[in-house]
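In: what shape does this take:
(one chain, ligands or ions: 1)
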Amino acid sequence: MSDPAMSRTKRPASSVRGAVPRLRDDRELGGRHVILVVLDSLRFDSMAAARPRLALRLGPLQRRWSYATWTGPAHYNLLMGLLPHDAGPGSFAAAWHGAELSAWGRRLGREDLGLPALGPALWLPSALRERCGYFTQAFVSMPALNPAVPLAVGFDRYVSMPRHNDVHAIYGALSFPEDRPSFTLINTGETHYPYATAEEPPGGWPRLPGVHGVFGRLANGQPLTEAEAPAFFSPPHLRELKARQVRAASAMDDALEHLFDRCPRGAHIILTSDHGELFGEDGFFGHGPIHHEKVLEVPFVEGLLD
Ligand SMILES: [Zn+2]
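Out: Got it, this is the predicted structure:
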(Lines give C-alpha, C1' and ligand atoms only; values in the text may rest on other atoms or scores of the structure.)
Protein backbone atom coordinates (compact mmCIF):
# COMPACT_ATOMS: atom_id res chain seq x y z
CA MET A 1 0.00 0.00 0.00
CA SER A 2 2.87 2.38 0.71
CA ASP A 3 3.98 3.97 -2.51
CA PRO A 4 6.73 6.56 -2.22
CA ALA A 5 6.30 7.31 -5.91
CA MET A 6 2.95 8.87 -5.05
CA SER A 7 4.59 11.57 -2.96
CA ARG A 8 4.89 14.82 -4.82
CA THR A 9 7.85 15.84 -2.69
CA LYS A 10 9.35 12.34 -2.30
CA ARG A 11 10.33 13.37 1.19
CA PRO A 12 9.32 11.98 4.59
CA ALA A 13 6.10 13.35 6.04
CA SER A 14 7.96 15.24 8.71
CA SER A 15 9.61 17.41 6.04
CA VAL A 16 6.43 18.44 4.23
CA ARG A 17 5.39 20.97 6.85
CA GLY A 18 7.10 23.91 5.17
CA ALA A 19 6.12 27.51 5.46
CA VAL A 20 2.65 28.69 4.50
CA PRO A 21 3.06 31.39 1.83
CA ARG A 22 1.70 34.77 2.76
CA LEU A 23 -1.30 36.15 0.95
CA ARG A 24 -0.22 38.79 -1.54
CA ASP A 25 -3.47 40.45 -2.57
CA ASP A 26 -6.49 41.98 -0.92
CA ARG A 27 -9.23 39.43 -1.50
CA GLU A 28 -12.03 39.63 1.00
CA LEU A 29 -10.78 37.62 3.92
CA GLY A 30 -12.77 36.10 6.70
CA GLY A 31 -14.07 32.84 7.98
CA ARG A 32 -12.81 30.10 10.20
CA HIS A 33 -10.40 27.27 9.63
CA VAL A 34 -12.12 24.09 8.41
CA ILE A 35 -10.56 20.62 8.68
CA LEU A 36 -12.24 17.69 6.92
CA VAL A 37 -10.94 14.33 8.15
CA VAL A 38 -11.91 11.28 6.07
CA LEU A 39 -11.35 7.89 7.71
CA ASP A 40 -11.30 5.73 4.61
CA SER A 41 -13.85 2.88 4.40
CA LEU A 42 -15.07 3.28 7.98
CA ARG A 43 -18.58 1.97 8.52
CA PHE A 44 -20.96 3.78 10.81
CA ASP A 45 -21.45 0.77 13.05
CA SER A 46 -17.69 0.18 13.32
CA MET A 47 -17.23 3.69 14.66
CA ALA A 48 -20.17 3.28 17.02
CA ALA A 49 -18.70 0.00 18.30
CA ALA A 50 -15.38 1.78 18.92
CA ARG A 51 -17.17 3.97 21.50
CA PRO A 52 -15.39 7.20 20.52
CA ARG A 53 -14.60 9.71 23.27
CA LEU A 54 -12.63 12.53 21.70
CA ALA A 55 -14.74 12.73 18.54
CA LEU A 56 -17.78 13.46 20.69
CA ARG A 57 -16.14 16.65 21.93
CA LEU A 58 -17.08 18.03 18.52
CA GLY A 59 -20.68 16.85 18.43
CA PRO A 60 -22.90 13.77 18.44
CA LEU A 61 -22.13 10.76 16.29
CA GLN A 62 -24.54 10.83 13.35
CA ARG A 63 -25.46 8.11 10.85
CA ARG A 64 -25.31 9.61 7.39
CA TRP A 65 -25.16 8.45 3.78
CA SER A 66 -22.35 8.85 1.30
CA TYR A 67 -23.13 9.78 -2.29
CA ALA A 68 -20.67 7.20 -3.64
CA THR A 69 -19.28 3.76 -2.91
CA TRP A 70 -15.63 4.23 -3.79
CA THR A 71 -12.77 6.50 -2.74
CA GLY A 72 -12.40 8.59 -5.90
CA PRO A 73 -16.01 9.57 -6.59
CA ALA A 74 -16.77 9.92 -2.88
CA HIS A 75 -14.01 12.50 -2.46
CA TYR A 76 -15.17 14.38 -5.55
CA ASN A 77 -18.56 14.70 -3.90
CA LEU A 78 -17.01 15.86 -0.63
CA LEU A 79 -15.06 18.59 -2.40
CA MET A 80 -18.16 19.67 -4.30
CA GLY A 81 -19.48 20.49 -0.84
CA LEU A 82 -21.65 17.41 -0.68
CA LEU A 83 -20.87 15.94 2.70
CA PRO A 84 -22.61 12.68 3.60
CA HIS A 85 -26.33 13.43 3.93
CA ASP A 86 -29.11 12.41 6.28
CA ALA A 87 -32.04 12.98 3.96
CA GLY A 88 -34.84 10.53 4.59
CA PRO A 89 -38.34 9.76 3.38
CA GLY A 90 -40.39 12.88 2.92
CA SER A 91 -37.41 15.01 1.89
CA PHE A 92 -37.41 16.84 -1.39
CA ALA A 93 -33.99 15.95 -2.76
CA ALA A 94 -33.41 19.28 -4.49
CA ALA A 95 -34.40 21.28 -1.41
CA TRP A 96 -32.14 19.21 0.81
CA HIS A 97 -29.27 19.64 -1.61
CA GLY A 98 -29.56 23.42 -1.49
CA ALA A 99 -29.82 23.47 2.30
CA GLU A 100 -26.73 21.33 2.70
CA LEU A 101 -24.64 23.52 0.42
CA SER A 102 -25.88 26.61 2.23
CA ALA A 103 -24.78 25.02 5.52
CA TRP A 104 -21.20 25.68 4.46
CA GLY A 105 -21.79 29.31 5.37
CA ARG A 106 -22.31 28.21 8.98
CA ARG A 107 -19.28 25.93 8.94
CA LEU A 108 -17.05 28.63 7.52
CA GLY A 109 -18.39 31.30 9.83
CA ARG A 110 -19.40 33.25 6.75
CA GLU A 111 -23.18 33.29 6.48
CA ASP A 112 -22.85 35.08 3.16
CA LEU A 113 -21.22 31.99 1.70
CA GLY A 114 -23.40 29.24 0.42
CA LEU A 115 -24.29 27.62 -2.85
CA PRO A 116 -23.67 30.74 -4.99
CA ALA A 117 -20.20 31.16 -3.54
CA LEU A 118 -19.14 27.84 -4.99
CA GLY A 119 -19.30 29.45 -8.39
CA PRO A 120 -19.82 27.74 -11.70
CA ALA A 121 -17.08 25.19 -11.02
CA LEU A 122 -18.92 23.88 -7.92
CA TRP A 123 -15.54 23.11 -6.39
CA LEU A 124 -14.97 23.99 -2.76
CA PRO A 125 -11.14 24.31 -2.72
CA SER A 126 -11.10 26.68 -5.70
CA ALA A 127 -14.01 28.74 -4.40
CA LEU A 128 -12.47 29.15 -0.97
CA ARG A 129 -9.06 30.02 -2.33
CA GLU A 130 -10.12 32.34 -5.11
CA ARG A 131 -13.11 34.07 -3.56
CA CYS A 132 -12.24 34.09 0.13
CA GLY A 133 -8.45 33.99 0.29
CA TYR A 134 -8.34 30.63 2.01
CA PHE A 135 -5.14 28.64 2.15
CA THR A 136 -6.08 25.16 0.89
CA GLN A 137 -4.15 22.00 1.69
CA ALA A 138 -4.68 18.26 1.39
CA PHE A 139 -2.86 15.30 2.91
CA VAL A 140 -4.05 12.10 1.28
CA SER A 141 -3.13 8.48 1.78
CA MET A 142 -4.91 6.30 -0.78
CA PRO A 143 -3.36 5.83 -4.26
CA ALA A 144 -6.68 6.76 -5.92
CA LEU A 145 -6.16 10.30 -4.60
CA ASN A 146 -2.59 10.79 -5.88
CA PRO A 147 -1.55 14.30 -7.01
CA ALA A 148 -2.08 13.48 -10.70
CA VAL A 149 -5.86 13.15 -10.35
CA PRO A 150 -8.10 16.19 -11.02
CA LEU A 151 -9.10 16.16 -7.36
CA ALA A 152 -5.89 18.09 -6.63
CA VAL A 153 -7.18 21.18 -8.43
CA GLY A 154 -7.59 24.22 -6.21
CA PHE A 155 -5.13 23.21 -3.50
CA ASP A 156 -2.13 25.32 -2.55
CA ARG A 157 -0.53 22.24 -1.06
CA TYR A 158 -1.42 18.66 -2.02
CA VAL A 159 0.62 15.89 -0.45
CA SER A 160 0.36 12.13 -0.93
CA MET A 161 1.67 10.48 2.18
CA PRO A 162 4.35 7.82 1.80
CA ARG A 163 2.33 5.43 3.98
CA HIS A 164 -1.37 4.74 3.65
CA ASN A 165 -1.92 4.41 7.39
CA ASP A 166 0.01 7.02 9.33
CA VAL A 167 -2.39 9.70 10.52
CA HIS A 168 0.10 10.88 13.13
CA ALA A 169 2.53 11.78 10.33
CA ILE A 170 -0.26 13.86 8.77
CA TYR A 171 -1.19 15.59 12.00
CA GLY A 172 2.48 16.29 12.70
CA ALA A 173 2.91 17.87 9.26
CA LEU A 174 -0.06 20.24 9.57
CA SER A 175 0.51 23.96 9.62
CA PHE A 176 -1.99 26.78 9.44
CA PRO A 177 -1.56 30.37 8.27
CA GLU A 178 -1.90 33.12 10.84
CA ASP A 179 -3.03 35.80 8.39
CA ARG A 180 -5.97 34.03 6.74
CA PRO A 181 -8.29 31.05 7.16
CA SER A 182 -7.55 27.62 5.74
CA PHE A 183 -9.31 24.55 4.41
CA THR A 184 -7.66 21.19 5.05
CA LEU A 185 -8.59 17.78 3.61
CA ILE A 186 -7.14 14.75 5.35
CA ASN A 187 -7.60 11.20 4.05
CA THR A 188 -6.11 8.36 6.06
CA GLY A 189 -6.27 4.61 5.55
CA GLU A 190 -5.99 2.90 8.94
CA THR A 191 -9.66 1.96 8.65
CA HIS A 192 -9.20 0.69 5.07
CA TYR A 193 -8.23 -2.94 4.46
CA PRO A 194 -6.10 -4.39 6.07
CA TYR A 195 -7.30 -2.19 8.98
CA ALA A 196 -3.86 -1.64 10.49
CA THR A 197 -2.30 1.31 12.27
CA ALA A 198 1.25 2.41 11.57
CA GLU A 199 2.35 0.86 14.84
CA GLU A 200 1.36 -2.66 13.75
CA PRO A 201 4.17 -4.40 11.83
CA PRO A 202 3.06 -5.55 8.35
CA GLY A 203 3.96 -9.09 9.37
CA GLY A 204 0.97 -9.02 11.71
CA TRP A 205 -1.52 -7.92 9.07
CA PRO A 206 -4.09 -10.47 7.88
CA ARG A 207 -2.83 -12.53 5.01
CA LEU A 208 -5.58 -13.00 2.48
CA PRO A 209 -4.65 -15.11 -0.53
CA GLY A 210 -4.37 -12.97 -3.61
CA VAL A 211 -5.58 -9.70 -2.14
CA HIS A 212 -2.17 -8.12 -1.53
CA GLY A 213 -1.19 -8.78 -5.13
CA VAL A 214 -4.48 -7.33 -6.32
CA PHE A 215 -3.89 -4.08 -4.43
CA GLY A 216 -0.37 -3.89 -5.81
CA ARG A 217 -1.68 -4.17 -9.36
CA LEU A 218 -4.39 -1.59 -8.76
CA ALA A 219 -1.87 0.82 -7.27
CA ASN A 220 0.17 0.51 -10.44
CA GLY A 221 -2.84 1.18 -12.66
CA GLN A 222 -2.84 -2.32 -14.11
CA PRO A 223 -6.04 -4.13 -15.02
CA LEU A 224 -7.15 -7.22 -13.16
CA THR A 225 -8.50 -10.46 -14.53
CA GLU A 226 -11.25 -12.65 -13.12
CA ALA A 227 -8.62 -15.25 -12.23
CA GLU A 228 -6.89 -12.77 -9.93
CA ALA A 229 -9.94 -12.32 -7.72
CA PRO A 230 -9.28 -13.86 -4.29
CA ALA A 231 -11.36 -16.69 -2.90
CA PHE A 232 -14.19 -15.49 -0.68
CA PHE A 233 -13.53 -15.31 3.02
CA SER A 234 -14.86 -17.57 5.76
CA PRO A 235 -17.27 -16.16 8.37
CA PRO A 236 -14.61 -16.26 11.14
CA HIS A 237 -12.20 -14.42 8.88
CA LEU A 238 -14.82 -11.77 8.11
CA ARG A 239 -15.57 -11.31 11.82
CA GLU A 240 -11.84 -10.87 12.46
CA LEU A 241 -11.62 -8.24 9.74
CA LYS A 242 -14.60 -6.33 11.13
CA ALA A 243 -13.05 -6.43 14.62
CA ARG A 244 -9.84 -5.04 13.14
CA GLN A 245 -11.74 -2.09 11.65
CA VAL A 246 -13.36 -1.37 15.02
CA ARG A 247 -9.93 -1.37 16.69
CA ALA A 248 -8.59 0.92 13.97
CA ALA A 249 -11.53 3.29 14.53
CA SER A 250 -10.73 3.37 18.24
CA ALA A 251 -7.11 4.22 17.46
CA MET A 252 -8.28 7.04 15.18
CA ASP A 253 -10.35 8.45 18.03
CA ASP A 254 -7.32 8.38 20.33
CA ALA A 255 -5.28 10.09 17.59
CA LEU A 256 -7.65 13.07 17.61
CA GLU A 257 -5.80 14.37 20.65
CA HIS A 258 -2.84 14.97 18.31
CA LEU A 259 -5.09 16.77 15.81
CA PHE A 260 -6.69 18.90 18.52
CA ASP A 261 -3.22 19.91 19.72
CA ARG A 262 -2.27 21.04 16.22
CA CYS A 263 -5.44 22.85 15.15
CA PRO A 264 -6.22 26.50 15.83
CA ARG A 265 -8.88 27.03 18.52
CA GLY A 266 -12.27 27.72 17.00
CA ALA A 267 -11.58 25.60 13.91
CA HIS A 268 -14.55 23.71 12.50
CA ILE A 269 -13.66 20.01 12.31
CA ILE A 270 -15.60 17.43 10.31
CA LEU A 271 -14.93 13.74 10.89
CA THR A 272 -16.47 11.27 8.48
CA SER A 273 -15.79 8.49 5.97
CA ASP A 274 -15.89 8.35 2.18
CA HIS A 275 -17.88 5.10 2.13
CA GLY A 276 -18.45 2.02 4.25
CA GLU A 277 -17.37 -1.58 3.89
CA LEU A 278 -19.03 -4.96 3.62
CA PHE A 279 -17.88 -7.81 5.80
CA GLY A 280 -19.87 -10.63 4.24
CA GLU A 281 -23.35 -9.09 4.21
CA ASP A 282 -25.34 -10.66 1.37
CA GLY A 283 -22.16 -12.35 0.17
CA PHE A 284 -20.09 -9.22 -0.40
CA PHE A 285 -16.74 -8.07 0.94
CA GLY A 286 -15.23 -4.63 0.50
CA HIS A 287 -16.61 -1.60 -1.32
CA GLY A 288 -16.67 -0.10 -4.79
CA PRO A 289 -18.95 -1.78 -7.31
CA ILE A 290 -21.43 -2.70 -4.57
CA HIS A 291 -24.50 -0.57 -3.97
CA HIS A 292 -25.40 -1.88 -0.57
CA GLU A 293 -26.73 -0.01 2.44
CA LYS A 294 -23.64 -0.74 4.50
CA VAL A 295 -21.35 0.69 1.82
CA LEU A 296 -23.25 3.98 1.81
CA GLU A 297 -23.82 4.23 5.57
CA VAL A 298 -21.05 6.31 7.18
CA PRO A 299 -20.29 8.07 10.47
CA PHE A 300 -20.41 11.85 10.69
CA VAL A 301 -19.34 14.18 13.47
CA GLU A 302 -18.74 17.91 13.22
CA GLY A 303 -18.27 20.90 15.47
CA LEU A 304 -16.00 23.64 16.69
CA LEU A 305 -12.77 22.90 18.53
CA ASP A 306 -13.13 24.74 21.81
ZN1 LIG B 1 -12.17 4.98 0.24
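
In: going forward, measure contacts and count neighbours with C-alpha atoms only.
Out: Will do.

In: list the contacts of the residue in the chain positioned nearest to the ion.
Out: Of all residues in the chain, residue 71 sits closest to the ion, at 3.4 Å by C-alpha to the ion. By C-alpha atoms under 8 Å, 6 or more residues apart in numbering, residue 71 lies in contact with 40, 144, 145, 274, 275, 288.

In: quick one: secondary structure of the second one?
Out: Going back to what we said before, that points to residue 144. helix (DSSP: H, G, I helix; E, B strand; the rest coil).

In: give the burial count for it, as a bare number.
Out: By other C-alpha atoms under 10 Å, the residues close to residue 144 number 19.

In: wait, a strand at residue 59?
Out: No. Read with three-state DSSP, residue 59 is coil and lies in no strand.

In: before we move on, the earlier item: what is the nearest of the contacts of residue 71 to residue 244?
Out: residue 40 (13.8 Å; C-alpha to C-alpha).

In: distance check, the closest one against residue 272.
Out: 9 Å (C-alpha to C-alpha, to the nearest Å).

In: hmm, stretch 53-66 touching the ion?
Out: No. On the criterion C-alpha under 5 Å from the ion, stretch 53-66 is out of touch with the ion, staying 10.9 Å away.

In: and that stretch, how far from the chain's centre?
Out: 14 Å (C-alpha atoms, centre = their mean, to the nearest Å).

In: show me what that stretch is in contact with.
Out: Residues contacting stretch 53-66 (C-alpha under 8 Å, 6+ apart): 44, 48, 74, 83-86, 253-254, 256-257, 269, 271, 274-275, 296-305.

In: which of the residues you listed count as buried?
Out: Using 16 or more other C-alpha atoms under 10 Å as the burial test, these include 44, 48, 74, 83-85, 253, 256, 269, 271, 274-275, 296-304 as buried.

In: do a quick rundown of the strands in the stretch 51-200 of the chain.
Out: 62-65, 135-140, 157-160, 182-188 (DSSP state E, counting those that start in this stretch).

In: got TSV for those strands, with mean pLDDT and mean neighbour count too?
Out: Formatted as TSV, the strands of the stretch 51-200 of the chain follow (pLDDT from 0 to 100; neighbours: other C-alpha atoms under 10 Å):
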stretch	mean pLDDT	mean neighbour count
strand 62-65	96	20
strand 135-140	97	25
strand 157-160	97	23
strand 182-188	97	24
